[in-house]
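K.L.:
give me a model of this one.
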Amino acid sequence: QMQLVESGGGLVQAGGSLRLSCAASGRSFSDYTMAWFRQAPGKEREFVAAITWQGGYTNYAASVKGRFTISRDKFNLTIQLEMNTLRPEDTAVYYCAARTGGLRAIASVYGYWGQGTQVTVSS
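P.N.:
Below you'll find the model as predicted:
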């Protein structure tokens, strides 16, 4: 069983930056892909970014590419999401997720989820 705990959300003005972290525990992660999803009020959960634990291969949603960076710290067992040039439309609850296997952008194939952290971007 894997446990995921997010932190780092908050309120920021448009154009600002935030860094989210996800602490993972409970099992070996070598064959896992870790990802960030987000869900705004009244909208479906959408893919943000993903990274393979072993090789560090990444994938990004078009809406965040060039502004967000996903990374993993293999020593501290954490996943980070560096978010720059934030926009009001980035406002959502951000979730950390994990799955066995490669990069995928579909929420239903991720079996482990954190509780979420709120990110609010004011205009």
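
K.L.:
need the contact list for Glu97.
P.N.:
Actually, residue 97 is Ala rather than Glu. Counting by CB atoms under 8 Å, 6 or more residues apart in numbering, Ala97 makes contact with 4, 34-37, 107, 110, 112-114. Glycine gets a C-beta too; all of them are placed from N, C-alpha and C.

K.L.:
so which of the residues you listed wins on neighbours?
P.N.:
Ala35 (29 neighbours; other CB atoms under 10 Å).

K.L.:
that one: what secondary structure?
P.N.:
Secondary structure for Ala35, judged by DSSP: H, G, I helix; E, B strand; the rest coil, is strand.

K.L.:
gap between the nearest residue to it once chain neighbours are set aside and Gln80?
P.N.:
Counting by CB to CB, 6 or more residues apart in numbering, Ala35 lies nearest to Ala50, which is 3.8 Å off, once chain neighbours are set aside. Look at Ala50 and Gln80: by CB to CB, to the nearest Å, they are 13 Å apart.

K.L.:
need the residues touching each of these two.
P.N.:
Contacts common to Ala50 and Gln80, judged by CB under 8 Å, 6+ apart, are Ile70.

K.L.:
so the residue nearest to Ala35 sits against Tyr32, correct?
P.N.:
No - assessed by CB atoms under 8 Å, Ala50 is found out of contact with Tyr32, at 10.5 Å.

K.L.:
look up the closest residue to the residue positioned nearest the centre of the chain, ignoring the ones flanking it.
P.N.:
For the chain, Trp36 is the residue whose C-alpha lies nearest the centre (CA atoms, centre = their mean; 2.2 Å). Nearest in space to Trp36, with sequence neighbours left out and distances taken as CB to CB, 6+ apart, is Val48 at 4.2 Å.

K.L.:
give me the contacts around the strand or helix carrying the one you found.
P.N.:
Using DSSP states H and E, Val48 falls within strand 46-52. The contact list for strand 46-52 (CB under 8 Å, 6+ apart) reads 32-39, 57-61, 64, 68-72, 79, 81, 94, 102-107.

K.L.:
which of the residues you listed count as buried?
P.N.:
Among those, those classed as buried by 16 or more other CB atoms under 10 Å are 32-38, 58-61, 64, 68-70, 72, 79, 81, 94, 104, 107.
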